[in-house]
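1. can't give you the sequence, but here's the structure:
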């Protein structure tokens, strides 16, 4: 039996792009298809690289996991924590997408959900929005309140994903209760 061939990906300044052979990755809710190519975030690229699903190149030179992590961290200082959380969520079988447009790190969907645009059934909506923070992070009540209100406004639940110094993740769900 032959090992599965890795999909070739190109490292650009702010993303990783796959030009061909990405159909299965797109079906598994990785990245976003734009102009006939799959654009994936650094967290997705790191995950797929570690799982040996893709081979990343910058020009004609191969990029190893540590090099990609260093390159990406120069552009996003919080990338290490984000990657740890992304990996944990994906390893649990959850569908994880960027939360950029919602002001959080990730949107998380139930297992097996195909993320789509337009009208959705209740099960197809975002289940959680996730904020990734290191264990020594402090925030104000106003910041916490904004995060919870945002989650409730899109019918999702808000999770703080706290990454400790040993790279373990602890999740706290914060709810808004009305008296």
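-> Okay, I see it. No experiment lies behind these values; they were computed from the predicted model shown.

2. contacts, neighbours, all on C-alpha from now
-> Fine.

3. Which stretches in this protein count as helices?
-> In the chain, the helices defined using DSSP state H lie at 23-27, 42-50, 65-75, 79-91, 141-153.

4. Tell me which of those helices sits most buried.
-> helix 42-50 (a mean of 22; mean count of other C-alpha atoms under 10 Å).

5. other SSEs contacting it?
-> Counting contacts by 3 or more C-alpha pairs under 8 Å, 6 or more residues apart in numbering; DSSP states H and E, helix 42-50 is packed against strand 54-58, helix 65-75, helix 79-91.

6. now with 7 Å?
-> For helix 42-50, the packing partners by 3 or more C-alpha pairs under 7 Å, 6 or more residues apart in numbering; DSSP states H and E come out as helix 65-75, helix 79-91.

7. Contacts for it next, please.
-> Residues from elsewhere that reach helix 42-50, judged by C-alpha atoms under 7 Å, 6 or more residues apart in numbering: 15, 16, 30, 54, 55, 65, 72, 83, 86, 87.

8. Can you check the pLDDT for residue 107?
-> pLDDT, residue 107: 91.

9. what pairs with it across the strands?
-> Using DSSP bridges, the bridge partners assigned to residue 107 are residue 97, residue 129.

10. I figured it hits residue 126, correct?
-> Yes: between residue 107 and residue 126 there is a contact under C-alpha atoms under 7 Å: 6.1 Å.

11. quick one: buried residues of stretch 156-166?
-> By neighbour count on 16 or more other C-alpha atoms under 10 Å, the buried set for stretch 156-166 is 156, 157, 158, 159, 160, 161, 162, 163.
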